[in-house]
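J.: Make a model of this:
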Amino acid sequence: MPGGRLSQQERQRIASGLADGLAYAEIARGLDRPTSTVTREVMRNGGPVGYRADLAHRATENRAHRRKKAAPRAGGAGGSGAAGVAGGASAVHGRDGEAVREYEDAFATLFTQQGLPHMTSRVLAALYVTDSGSLTAGELGGRLGVSAASVSKAIAFLEVQGLVRREREAEGRRRERYVVDDDVMYQSTMASAKATAYLAGVAREGVGVMGAGTPAAVRLENMARFMDFVSESIARAADQAREVLYAKPGWPHGESEVTPE
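T.: As a prediction, the model looks like this:
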């Protein structure tokens with residue numbers, strides 16, 4: 001099975017496969033590559049609809065060039081700094097550092113395609129691929145090569161969405177750590193359910209304003225009923241998933257539960 005980076009010809013074959021409606025696994029078999037390689041390639045370069053072979057090849061070359069320039073600053077001779085720590089962790093666990101970086105890029109691209117701002121997506125992906133599930137602002141800035149202000153803005157957005165939480169470091173230290181864990185995803189899902197329920201309430205208020213039985217009122221009532229059903233289903237599924245997948249000894253059922261209003 002061939003290894004290394006994809007060639008421009010392979011990227012052209014990926015683009016052709018996508019245009020023909022082939023699944024990632026089928027495209028990968030034609031290239032004698034792992035399915036994960038094709039999946040990462042497509043997701044970090046525009047997705048199945050926006051993928052362009054020439055743009056993907058150029059973007060990969062640019063990323064490789066940036067990494068070569070950043071490597072001496074990030075790791076140094078002693079492997080210090082956030083990037084050095086990340087590289088060391090990859091070595092300890094037997095990971096392929098390049099594959100980890102490619103996966104992180106693809107993960108961030110997926111978040112962006114789902115509506116998160118680009119920098120916010122990069123911060124969230126970086127947090128998820130760390131074994132600790134937490135980084136300081138300085139570690140995030142060093143890992144991503146961005147300013148503290150950029151990290152702060154991204155974290156503020158993620159907090160509002162319930163996707164990260166803050167933890168104060170040991171007593172006497174002023175630094176904060178930004179954390180993702182199983183319960184953060186639960187809280188984010190419940191916040192989404194609550195927002196959907198709120199939208200249903202606003203739609204239902206419009207029924208009285210527009211006049212019961214009018215076409216506009218019927219449309220708004222149908223919207224409210226739909227959103228109510230979705231909100232309740234999301235909340236119920238999140239509770240069930242949390243109980244089955246993430247239950248811990250001594251964790252009372254319903255703790256931190258948020259029910260849609």
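
J.: And the strands in the chain, which stretches?
T.: Assigned by DSSP state E, the chain shows strands spanning 134-136, 165-168, 176-179.

J.: mean pLDDT for the ones you listed: which is lowest?
T.: Least confident of those, judged by mean pLDDT, is strand 165-168 with a mean of 84.

J.: Show me which positions of that one end up buried.
T.: R165 (16 or more other Cβ atoms under 10 Å). For glycine as for every other residue, the C-beta is placed from the backbone atoms N, C-alpha and C.

J.: where are the low-confidence patches of the chain?
T.: Per-residue confidence of the chain (counting by pLDDT under 70) places the weak regions at 1-3, 63-93, 170-174, 246-261.

J.: what about G201, neighbour count?
T.: 14 (other Cβ atoms under 10 Å).

J.: wait, I meant E169
T.: 12.

J.: Distance to R225 added to the strands of the chain, as a markdown table?
T.: Compiled in a markdown table, the strands of the chain are given as follows (distance: least, Cβ to Cβ, whole Å):
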| stretch | distance to R225 |
| --- | --- |
| strand 134-136 | 41 |
| strand 165-168 | 34 |
| strand 176-179 | 37 |
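
J.: Who are the contact partners of the residue nearest to G46 when sequence neighbours are not counted?
T.: Using Cβ to Cβ, 6 or more residues apart in numbering and skipping residues adjacent in sequence, the residue nearest G46 is R52, 6.5 Å away. With contact set as Cβ atoms under 8 Å, 6 or more residues apart in numbering, R52 has these partners: 15, 45-46.

J.: right, and out of those residues, which lies closest to R204?
T.: G46 (39.4 Å; Cβ to Cβ).

J.: And that closest one, how close does it get to R166?
T.: 33 Å (Cβ to Cβ, to the nearest Å).

J.: same deal with L199?
T.: L199 is 28 Å from R166, by Cβ to Cβ.

J.: List the buried residues of stretch 147-166.
T.: In stretch 147-166, counting by 16+ other Cβ under 10 Å, buried: 150-151, 154-155, 157-158, 162-165.

J.: And the residues you listed, which two are furthest apart?
T.: Maximum distance among those (Cβ to Cβ): 20.8 Å, for S150 and G162.

J.: follow-up on the earlier one: most neighbours, which of the contacts of R52?
T.: Busiest of those [other Cβ under 10 Å] is N45, holding 23 neighbours.

J.: What's the separation between that one and N62?
T.: 12 Å.

J.: Over to E41?
T.: 15 Å.

J.: Looking at these two, which is more packed in?
T.: For E41 versus N62, neighbours defined as other Cβ under 10 Å are more numerous around E41 (24 against 10).

J.: which residues touch that one?
T.: 6, 11, 14, 56, 106.

J.: Around the first one, how many other residues sit close by?
T.: The local packing of L6 (other Cβ under 10 Å) involves 20 other residues.

J.: Surely it touches T37?
T.: Yes. In this structure L6 lies within contact range of T37 using Cβ atoms under 8 Å: 7.2 Å.

J.: G138 touches L144, doesn't it?
T.: No. Using Cβ under 8 Å, G138 is not in contact with L144, being 11.2 Å away.

J.: Return the member of the buried residues of stretch 147-166 nearest to Q240.
T.: G162 (18.8 Å).

J.: Now do that closest one against R11, distance only.
T.: Counting by Cβ to Cβ - G162 and R11 are separated by 37 Å.

J.: circling back: and of the buried residues of stretch 147-166, the nearest to Y24?
T.: L163 (26.6 Å).

J.: what about the nearest residue to the closest one once chain neighbours are set aside, neighbour count?
T.: Distances taken as Cβ to Cβ, 6+ apart put S188 closest to L163, at 5.1 Å, once the chain neighbours are dropped. The tally of other residues near S188 (other Cβ under 10 Å) stands at 17.

J.: so what's S188 up against?
T.: S188 neighbours (Cβ under 8 Å, 6+ apart): 161-163.

J.: now do 10 Å
T.: 158, 161-164, 180, 238 (Cβ atoms under 10 Å, 6 or more residues apart in numbering).

J.: Which one of these is nearest to A193?
T.: A238 (6.9 Å).
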